[in-house]
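S.K.: how would this look folded up:
(2 chains)
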Amino acid sequence: MSKSKTLVVLLLGALVISGVSLSSISTPAKAQDGGEAVITPVACAEPGELTMWVWDDNWGKIIGDSISAWEDTYCPGAEVDLQVVPWGEYWDVLTANAPTGELPDVFNMAQDRFYFYAKNDVLLNLQPYWDAAGVDTTVWGTGLVDPYRWGDNGDLYAGPVNWDTVAVFYNKDMFEAAGLELPTADWTWDDFAEAARALTNPDEDVYGAAVYMEYQAGYPNWIAATGTTPDVEAGQTRCTLQDEGSVEALNFLKGLYDEGVMPSVSIVGGSSADDVFNYWASGRVAMITGGSWKLPDALKIEDFGWDVVQLPKHPETGRSRSILHAVGYVANRQTANPDLAANLILYLVSDEGQKFFAEAGGVAPANPSPELQQMWIDSFGDTDVNVQTFVDATVDSQGVTVFGEIWDAINTEIVLNIFDLGLSVEEATQLACEFIDTQLPE
Amino acid sequence: MSSFLNLFGKTPLTRRRALWGLLLIAPNTIGLFLFFGWPILQSFRLSFYEWNAFNTPRFVDIENFQRLYDDPMFRKALTNTLKLVGFVVPLEMGLSLSLALLLNQRLRGRILFRTIYFLPVVTSTVAASIVWAFVFQRRYGLMAAALEPFGYGDLNWLVDPDLVLFPIVVVTVWQRIGFDMVLFLAGLQNVPRVLHEAAMIDGANRWQRFRHVTLPMLSPTTFLILTLATISSFQIFDQVYIMTSRTIRGGVGGSARTLSLYLYESGFGQSSDYGYASAIAFILFMIILGITILQLIAQRRWVYYETESGE
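M.R.: Numbers count the residues shown, from 1 in each chain, chains lettered A, B, ... in the order given. Here you go, the predicted model:
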């Protein structure tokens, strides 16, 4: 078995069992006084200079603060040149810089892009550093870190920054106006459909739901609930979109679309999860699926009351499964300061370094320390929004099963074909699988 | 040595002049070679390699071109590009000539109109495309509002594979006619009055004067615009990239993907298949070169240069 095949199997196999992976997060034990830190940073051996790239402005600020703390406490004299390269150009700029050897020493990585960089031997193996620092990499749970493992031994090449899960954001005012009871975590697809119908008001141009767009926050969550792996089978062996579960989930969503309960992509005006979110924020739709990363934006909404609830459960499997994704910190294999880069990453993922994320009220820290998880929930202040929902969604979650930009296009195409151009689920999934087959490794 | 120097002229004086001339054009020529010529040559070389910016380039002979031949996405992109050229060039030229003719008359406020029609030229394509994407948005767009009374208010301009090229043609033509109009206006003002007067004396009516005086005298301008319009239509990129990016870049099933966009996606997409992208660039280059040469040959039959004798 080739190196890459082994990895793919390992990596995807692990994704499937990510369901149980985060149970440590989901049941945050009460923070114990003087409880031991999950990951403890160590002082750097020798200060030096590093460059670092992140793609998010907010993260830039948070990470900037934690880096300052690292420079002060653990590595006096070290200097980190932190740059924010916006997501829209991040991967292009990385690629453009690769041939010139001007890659940053440390940079953010997405699970679905890791494969390409690992395969091309761009990344520094952090496993020796985890070992040296006494970090047990299984503390993170498989769904979070296994997509970042590479090589025959499953070495961990990234330090996970955060986790993201998906839930239903709903407009409370609309529920109340329609005289509906607010949804609870044990609701089913049938309850969801019923509510969506009741909330639709064609005269006012108001839709009940928009829950299918994009991979992470869209239709794959529904496929996962049926017990089918969305899009591609573990090991990248096979397109699963024509499987019974996929067809059932997509037909359920298409049914709602055909009834006029959900808007088409072209009516929303765009196919990204952000487009759907903005559409919801404008009060045009009652329920959407959205990621935990949208909480800060949602909290700025003043026009209507809202809350989040777990994805509805599939009537037969009784499961709701959120797609889970984690961003990582990786180091450049050719960095002049590998020890320093690894030391910085160790700090950034440690309890101390992750505190900056937990307090910022944005993304949830990947470090499973119950204290940090609670700190993250508390960081949203005394809101009535049920933030815990996202933590709960990590329990039975589905890791990312697609790899890279071409998959974004495939997902959008499925969505447009079904929810805009009127193709049947069977036709659209057949087209998608035909194309996916050409993209799978031999 | 002397035979080498003879290249620059036969006498010392002409040689010195030639050397001076070469020296004076050197900054430009060297710049052109460094920043255009060299990269083009490199890109041509790269089209025979497999390279993703991270691996060591591997020579693959003509494999990239064979892949292109079998690639349905490439064929689709080629067809779309040809369609765009076919729609944009005649529309652009026809409309800009009509405008130039109108604004060449003693019209009240013609300077103002000329400025207005030229405005899109100085607008950035990206900004214009974003605005036009709103215009063509389904249901809420300006176009939907305009067509609503005729029962076409719900056309899915930017998603429907049968419609998506239309908005792109509109933006492209809208943005280019101003520039062509200015060229045509300059051409029209160079038509000597005496020719019109002579034709009038010979009893030619307005149409005959346009057909037999204006058009032939305008033909060098027309040829210039035709060449420029064709080349730039083969390179359409920004409009498609922006207008389809909110739904799906390049359209459903690649229905709006042009050669330039496909080139970009192959090279700068996540696979960063630079060899393949270079092969597309090379094919695009050959198509444009071929068509330009054809146009140059054909122009002998229809372009009239006043200064030439014996035409």
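S.K.: contacts, neighbours, all on C-alpha from now
M.R.: Noted.
S.K.: domain-wise, how is chain B divided?
M.R.: Structurally, chain B divides into domains by automatic domain parsing as follows: B:2-46, B:63-302.
S.K.: for these, which one sits closest to residue A:150?
M.R.: In terms of Cα to Cα, the element of these nearest to residue A:150 is domain B:63-302, at 19.0 Å.
S.K.: anything in that closest one near chain A?
M.R.: Yes. Applying Cα under 8 Å from any Cα of the partner chain, one finds that domain B:63-302 is in contact with chain A at B:137-140, B:156, B:158-160, B:246-249, B:252-253, B:268-272.
S.K.: could you give the separation of that domain from the chain centroid?
M.R.: In terms of Cα atoms, centre = their mean, to the nearest Å, the centre of domain B:63-302 is set 7 Å apart from its chain centre.
S.K.: ok, whichever residue of the stretch 1-150 of chain B sits closest to chain A - contacts?
M.R.: Of all residues in the stretch 1-150 of chain B, residue B:53 sits closest to chain A, at 5.4 Å by Cα to the nearest Cα. Residue B:53 is in contact with A:95-96, A:98-99, B:272, B:274, counting by Cα atoms under 8 Å, 6 or more residues apart in numbering or on different chains.
S.K.: of all the residues you listed, the one with the weakest confidence?
M.R.: In terms of pLDDT, the lowest of these is residue A:99, showing 79.
S.K.: before we move on, the earlier item: which SS class is the residue of the stretch 1-150 of chain B closest to chain A?
M.R.: coil (DSSP: H, G, I helix; E, B strand; the rest coil).
S.K.: what's in contact with the top helix by length along chain A?
M.R.: Of all the segments of type helix in chain A, defined by DSSP state H, the longest one is helix A:57-73. Among residues not part of helix A:57-73, those counted as contacts by Cα under 8 Å, 6+ apart are A:43, A:54, A:77-80, A:82-84, A:86, A:344, A:347-348, A:353, A:356-357, A:360.
S.K.: the same query, at a cut-off of 10 Å, please.
M.R.: Outside helix A:57-73, the residues within contact range by Cα atoms under 10 Å, 6 or more residues apart in numbering or on different chains are A:41-44, A:47, A:52-54, A:56, A:74-87, A:343-345, A:347-348, A:352-360, A:362-363.
S.K.: so for the residue positioned nearest the centre of chain A, what's the pLDDT?
M.R.: The structure's chain A has its C-alpha centroid closest to residue A:325; by Cα atoms, centre = their mean the separation is 2.7 Å. Confidence per residue is given as pLDDT, and for residue A:325 that number is 88.
S.K.: shaky segments in the chain?
M.R.: Answering for chain A, as no chain was given. Scanning chain A for pLDDT under 70 picks out A:1-35, A:143, A:234-235, A:442.
S.K.: actually it's chain B I care about, not the one you picked
M.R.: Judged by pLDDT under 70, chain B has its weakly predicted residues at B:1-5, B:270, B:307-311.
S.K.: the same query, at a cut-off of 80, please.
M.R.: Counting by pLDDT under 80, chain B contains low-confidence ranges at B:1-9, B:269-271, B:306-311.
S.K.: longest helix of it?
M.R.: Counting residues, the longest helix in chain B under DSSP H turns out to be helix B:72-103.
S.K.: following element in sequence after it, please.
M.R.: helix B:110-122 (DSSP states H and E).
S.K.: what packs against that following helix?
M.R.: Helix B:110-122 is packed against helix B:72-103, helix B:165-189, with contacts defined by 3 or more Cα pairs under 10 Å, 6 or more residues apart in numbering or on different chains; DSSP states H and E.
S.K.: okay, the ones you listed, which one's buried deepest?
M.R.: Burial of the helices and strands packed on helix B:110-122 is given as mean neighbour count (mean count of other Cα atoms under 10 Å in any protein chain shown); helix B:165-189 ranks first at a mean of 21.
S.K.: which strands or helices does that helix pack on?
M.R.: Checking 3+ Cα pairs under 10 Å, 6+ apart, helix B:165-189 ends up next to helix B:72-103, helix B:110-122, helix B:125-135, helix B:215-234, helix B:238-243.
S.K.: can you do 6 Å?
M.R.: The elements that helix B:165-189 packs onto, with contact taken as 3 or more Cα pairs under 6 Å, 6 or more residues apart in numbering or on different chains; DSSP states H and E, are helix B:72-103, helix B:110-122.
S.K.: nearest to residue A:229, out of the ones you listed?
M.R.: So among the helices and strands packed on helix B:165-189, helix B:72-103 is nearest, using Cα to Cα, at 28.0 Å.
S.K.: angle of that closest one against helix B:215-234?
M.R.: Orientation of helix B:72-103 against helix B:215-234 (axes from the mean of the first three to the mean of the last three Cα atoms, to 10 degrees) gives an angle of 150 degrees.
S.K.: and helix B:72-103, what does it pack onto?
M.R.: Helix B:72-103 makes packing contacts with helix B:165-189 when contacts are defined by 3+ Cα pairs under 6 Å, 6+ apart.
S.K.: which is the succeeding secondary structure element to the helix it packs on?
M.R.: helix B:193-201.
S.K.: buried stuff in that following helix?
M.R.: Of the residues in helix B:193-201, those scored as buried under the neighbour-count criterion (16 or more other Cα atoms under 10 Å in any protein chain shown) are B:196, B:199.
S.K.: quick check: what element follows that helix along the chain?
M.R.: helix B:206-209.
S.K.: return that next one as PDB; C-alpha atoms alone will do.
M.R.: Once side chains and other backbone atoms are set aside, the C-alpha atoms of helix B:206-209 remain, and they are given as PDB (Å, rounded to 0.1, in the frame of the first residue of the first chain):
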ATOM      1  CA  ARG B 206     -26.900  59.900 -48.000                       C
ATOM      2  CA  TRP B 207     -26.800  56.200 -48.000                       C
ATOM      3  CA  GLN B 208     -24.600  56.100 -51.100                       C
ATOM      4  CA  ARG B 209     -22.200  58.600 -49.600                       C
END
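S.K.: which parts of that helix are buried?
M.R.: With burial defined by 16+ other Cα under 10 Å, the residues of helix B:206-209 counted as buried are residue B:209.
S.K.: number of nearby residues for residue B:20?
M.R.: Neighbour count for residue B:20, taken as other Cα atoms under 10 Å in any protein chain shown: 12.
S.K.: for chain B, see how far away residue A:120 is.
M.R.: 6 Å (Cα to the nearest Cα, to the nearest Å).
S.K.: so which residue is dead centre in chain B?
M.R.: For chain B, the residue lying nearest the average C-alpha position, counting by Cα atoms, centre = their mean, turns out to be residue B:232 (1.4 Å).
S.K.: can you tell me which residues in the stretch 201-350 of chain A are near chain B?
M.R.: Residues of the stretch 201-350 of chain A lying near chain B by Cα under 6 Å from any Cα of the partner chain: A:266-267, A:270-271.
S.K.: show me where the stretch 151-300 of chain A has its strands.
M.R.: Assigned strands in the stretch 151-300 of chain A, in chain order: A:155-156, A:159-160, A:162-163, A:166-171, A:207-210, A:285-291 (criterion: DSSP state E, counting those that start in this stretch).
S.K.: name only those of the contacts of helix A:57-73 that count as buried.
M.R.: Buried members of the contacts of helix A:57-73, counted by 16+ other Cα under 10 Å: A:41-44, A:47, A:52-54, A:56, A:74-76, A:78, A:80, A:82-85, A:343-345, A:347-348, A:352-360, A:362-363.
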